[in-house]
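Enquirer: no sequence for this one, just the structure:
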Ligand code: SF4
């Protein structure tokens, strides 16, 4: 116990590696600028799980914690597709979810974009040979950008969102 407190006293507050933290800071600044320029400072994302293992969602949830805090950059996750600008789709496109995905997409007002998250939407992940899978998402939706990984970590998702914002 004494050793723990000695170590604790010598260590400052640690979140990420300092180099990574600088990198994340740059991404944050760029995202904030792009959201301001292209979405008047407010970008709403509707997350849709079309058949994932939930790890991609867990990484996305981290984006709302006090460390990544996407909301202060102007990005919000919304519950209704009618309030969204972007649909962020994770998981393989299953037959069960196909109509719900299409319905959510139809309800997003124009202009709208879809971004796929993780390797599943490209059929590069586990379960791809399951009988329940309809096929690659890009065959059914116009995919504006893809964020790779299985699952992508929060930094990768932020980087991916920045690439998407620069692209449109
Ligand atoms: S990409 Fe990987 S982590 Fe994400 S839903 Fe598919 S299997 Fe899960």
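Expert: Now that the structure is in, tell me what you want to look at. Please read these numbers as outputs of a predicted model, since none were measured by experiment.
Enquirer: residues in contact with residue 92?
Expert: Each residue near residue 92 by C-beta atoms under 8 Å, 6 or more residues apart in numbering is listed here: 50, 51, 52, 120, 121, 123, 125, 127, 128, 130, 133. All C-beta atoms are positioned from the backbone trio N, CA, C, and that covers glycine.
Enquirer: the ligand contacts on this protein?
Expert: Residues of the chain lying close to the ligand (C-beta under 6 Å from any ligand atom) are 52-53, 55-56, 90-91, 118-120, 125-126, 150-151.
Enquirer: are any of these buried, and if so which?
Expert: For the residues of the chain next to the ligand, a burial check counting by 16 or more other C-beta atoms under 10 Å picks out 52, 53, 55, 56, 90, 91, 118, 119, 120, 125, 151.
Enquirer: inside helices: which ones of the residues you listed?
Expert: Counting by DSSP state H, those place 55, 56 in helices.
Enquirer: let me have the buried ones among the residues of the chain next to the ligand in JSON lines, extended by distance to residue 26 and pLDDT.
Expert: Listed next are those as JSON lines, based on distance: C-beta to C-beta, whole Å; pLDDT from 0 to 100:
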{"residue": "52", "distance to residue 26": "29", "pLDDT": "93"}
{"residue": "53", "distance to residue 26": "31", "pLDDT": "93"}
{"residue": "55", "distance to residue 26": "26", "pLDDT": "96"}
{"residue": "56", "distance to residue 26": "24", "pLDDT": "96"}
{"residue": "90", "distance to residue 26": "26", "pLDDT": "96"}
{"residue": "91", "distance to residue 26": "30", "pLDDT": "94"}
{"residue": "118", "distance to residue 26": "24", "pLDDT": "95"}
{"residue": "119", "distance to residue 26": "26", "pLDDT": "94"}
{"residue": "120", "distance to residue 26": "29", "pLDDT": "94"}
{"residue": "125", "distance to residue 26": "29", "pLDDT": "78"}
{"residue": "151", "distance to residue 26": "23", "pLDDT": "95"}
